[in-house]
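Asker: quick check, what structure comes out for this input:
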Amino acid sequence: MQPLLIKYRTYCSSIAISANCQIARYVRLGQIQDARRVFDQVPNKSIVSWNSIIAGYFQNNQPKEALLLFDKMPERNIVSWNGLISGFVKNRMVKEARKVFDQMPERNVVSWTTMVRGYVEEGLILEAESLFWQIPEKNVVSWTVMLGGLIQDGRVDEAQKLYDMMPVKDVVARTNMIAGYCQNGRLAEARELFDDMPRRNVISWTTMVTGYAQNQKVDVARKLFEVMPEKNEVSWTAMLMGYTQCGRIEEASEFFDVMPEKPVIACNAMILGFGQNREVDKARKIFDSMREKDDGTWSAMMKVYELKGSELETLNLFSLMQRQGLRPNFHSFVSVLSVCASLANLDHGRQVHAQLVRSKSDSDVYLSSVLITMYMKCGDLDKAKRVFDRFSHKDVVMWNSMITGLAQHGLGGEALQIFHEMCSLGIAADEVTFVGVLSACSYTGKVKQGKEIFESMNSKYLVEPRTEHYACMVDLLGRAGKVYEAMDLINKMPFEADAIIWGSLMGACRTHMNLDLAELAAKKLLELEPKNAGPYILLSNIYASKGRWADVAELRKNMMARKVSKSPGCSWIDVEKKVHMFTGGESMPHPEHSMIMKMLERLGGLLRESGYCPDGSFVLHDVDEEEKVQSLGHHSEKLAVAYGLLKVPEGMPIRVMKNLRVCGDCHSAIKLIAKVTGREIILRDANRFHHFKDGLCSCRDYW
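Answerer: The predicted model follows:
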């Protein structure tokens, strides 16, 4: 009987070992149900089997099932308890982990260290520190975990004191301390510690290289990189990112070409590097050559197109990403919403919003701020307000999105009301807030209120006025015809005026035909931006209006000599999820050109019957008007409006965007078009929105 009993026990033991191996394998593959099936079939389950399946549930993000099994265990050891704490920590359930820790019948150094690590990983460094000092016997791992927590919290001096107290300093602790010094820009101390290390591994070397690279010491980083005894993918990538972060793209490209392996993160860095250097084709070549792409790859390529202004390519890439079954990440959503805002592509923007709701990302405050901006720039104020009102706790970015959006729509009173509501709730306004508020005053002629707010920025709101705030004030005063007061403000500024400020003054001079100040502003602008065509054209138009044709000829001659060219006016409209572009005079005719011309001809007749007469003066005076190719009737915004009348269903607003300021003649014409057709037309130009309805515009002709 005895030999049979031994054989039976051996047999059972071998079954248990085999089962444990199977459980572990299924867990690794993420097949937790198969692991559970094997576990349930084991006749005499050991503590090892119980611990394995419970750990498996934790690894597969099923902490509730793990806890249920733990409660059913016939017996537990300290490994079981530590496994429960570790499982909760890995599932970001530090409160539950602490409850288990407090209930443990006995603890060892692993129990204490796991709990400290849990607090560190959640950023609860004070809690970690409190627990750390209670550990009865600390080992090198305990010390190293706490050291990492202090470094993570930016408390490098305290980390150094803890490091000095450590009875044993292994390579991990020394490397952590080097990383801490580097993050704080203390490269000399980091290098001294690195040089004193009795033993270094590839991580130590890479940490020091990364420290130099991230602190703009790329050449020093490269010298150290070259003498590394062993390099891995992380080492190569750290060096590459040093080049890209410093904008040294040519060297980055050469380095990238010789990399033995090109991991996804390195490819992503090169895509962004080329994008920031406006080399879109090179970025796309890397993107297309990648066998594996992560969500960072797609968002990087979208960002490249966004930086380049290739909005349609961004939308196409976003659609391709989804067709391939990939879920957009935070950065992808921000890029595509920004593009929808830029193009005023409302349909696509709504689809992205629906995706945010489905993925439960619409509760993110920053994404919702971008969403508000998108709806505002697409002219859908009601939807923007609904997104805004959903949040009981709003940050300053969200308030700013609302204020700026209302300002752009010429709703100055509403923008100021939101501003005062924000302040009454104790939310501190920032620089962006005041750009929105002062713009709201400017667009609606609220000169007195604008001046009061500007003068109280520093004293009441503790925000120092910057260049952009002075630009708003120059624009506010200039629009109201107070051009000399605007000039006086420029002279009193505590810093030199930039191109934006002189451009604001020049715009006012155009409106109020002040030649003296226009010449001064133009001279300043040409010094700051010699390749900008705006000052030349505006001054030329003012000279022409005064009959100073010799001065006009001289300006045109200077433009040709300096090879200055004006950006062509263009408008676009989104119809049936496709963006249709139009250029002034239709130098690049639309495929349905003849149909658009018939609509313009029909509109011309209706407008003449209503008493409209084209105002040719705008050919001379308007700085942002397209060159007169055929006639005022062929301006890009009129072409886009005509196409909208043909294609946008009755009852829906026609939404048109223009890259320049709308000309005065088009503004008058579109007011009448809205009246004679009974349609609502929303035009977004380079400065603001115009809502045309029943022969009136929301700007009240103050623009």
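Asker: tell me where the stretch 101-250 of the chain has helices.
Answerer: In the stretch 101-250 of the chain, the helices defined using DSSP state H, counting those that start in this stretch lie at 109-121, 125-132, 140-152, 156-165, 171-183, 187-195, 202-214, 218-226, 233-245, 249-258.
Asker: let's have the ones you listed in TSV, adding mean pLDDT.
Answerer: Shown next, in TSV, are the helices of the stretch 101-250 of the chain (pLDDT from 0 to 100):
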stretch	mean pLDDT
helix 109-121	94
helix 125-132	93
helix 140-152	93
helix 156-165	93
helix 171-183	93
helix 187-195	94
helix 202-214	93
helix 218-226	94
helix 233-245	92
helix 249-258	93
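Asker: to residue 473, which of the ones you listed lies closest?
Answerer: Distance to residue 473, taken as Cβ to Cβ, is lowest for helix 233-245 among the helices of the stretch 101-250 of the chain, at 36.9 Å. From N, CA and C alone the C-beta is placed, and that goes for glycine too.
Asker: what angle do helix 218-226 and the closest one make with each other?
Answerer: Helix 233-245 runs at 160 degrees relative to helix 218-226, counting by axes from the mean of the first three to the mean of the last three Cα atoms, to 10 degrees.
Asker: remind me what helix 233-245 packs against, helices and strands.
Answerer: When contacts are defined as 3 or more Cβ pairs under 8 Å, 6 or more residues apart in numbering; DSSP states H and E, helix 233-245 packs onto helix 202-214, helix 218-226, helix 249-258, helix 264-276.
Asker: C-alpha coordinates for the first one, CSV please?
Answerer: In this case it means helix 202-214. The C-alpha trace of helix 202-214 is given here as CSV (Å, rounded to 0.1, in the frame of the first residue of the first chain):
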residue,chain,number,x,y,z
VAL,A,202,22.9,49.9,-20.4
ILE,A,203,20.1,51.7,-18.5
SER,A,204,22.6,53.8,-16.5
TRP,A,205,24.4,54.8,-19.7
THR,A,206,21.1,55.6,-21.4
THR,A,207,19.9,57.7,-18.5
MET,A,208,23.0,59.8,-18.6
VAL,A,209,22.8,60.2,-22.4
THR,A,210,19.1,61.1,-22.1
GLY,A,211,19.9,63.7,-19.4
TYR,A,212,22.3,65.5,-21.7
ALA,A,213,20.0,65.3,-24.7
GLN,A,214,16.9,66.6,-22.8
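Asker: and it, what's buried?
Answerer: By 16 or more other Cβ atoms under 10 Å, the buried positions in helix 202-214 come out as 203-214.
Asker: quick one, strands of this structure?
Answerer: 570-575, 578-583, 654-658, 681-684, 689-693, 696-697 (DSSP state E).
Asker: returning to what we had before: would you turn the helices of the stretch 101-250 of the chain into a markdown table with distance to residue 379?
Answerer: Formatted as a markdown table, these follow (distance: least, Cβ to Cβ, whole Å):
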| stretch | distance to residue 379 |
| --- | --- |
| helix 109-121 | 45 |
| helix 125-132 | 47 |
| helix 140-152 | 45 |
| helix 156-165 | 50 |
| helix 171-183 | 45 |
| helix 187-195 | 52 |
| helix 202-214 | 43 |
| helix 218-226 | 46 |
| helix 233-245 | 38 |
| helix 249-258 | 38 |
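Asker: can you tell me which of these comes nearest to residue 638?
Answerer: helix 249-258 (42.8 Å).
Asker: what's the spacing between the closest one and its chain's center?
Answerer: What separates the centre of helix 249-258 from the centre of its chain is 27 Å, taken as Cα atoms, centre = their mean, to the nearest Å.
Asker: which residues touch that helix?
Answerer: 239-240, 243-244, 262, 266, 269-270, 273-274, 276-277, 279, 282 (Cβ atoms under 8 Å, 6 or more residues apart in numbering).
Asker: can you give me the neighbour number for residue 505?
Answerer: By other Cβ atoms under 10 Å, the residues close to residue 505 number 28.
Asker: apart from its neighbours in sequence, what residue is nearest it?
Answerer: Of all residues not flanking residue 505 in the chain, residue 521 sits nearest, at 4.6 Å (Cβ to Cβ, 6 or more residues apart in numbering).
Asker: domain map for this protein?
Answerer: Annotated domains of the chain cover 396-561, 598-697 [automatic domain parsing].
Asker: any chance of the ones you listed in CSV, plus distance to residue 387?
Answerer: Shown next, in CSV, are the domains of the chain (distance: least, Cβ to Cβ, whole Å):
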stretch, distance to residue 387
domain 396-561, 9
domain 598-697, 18
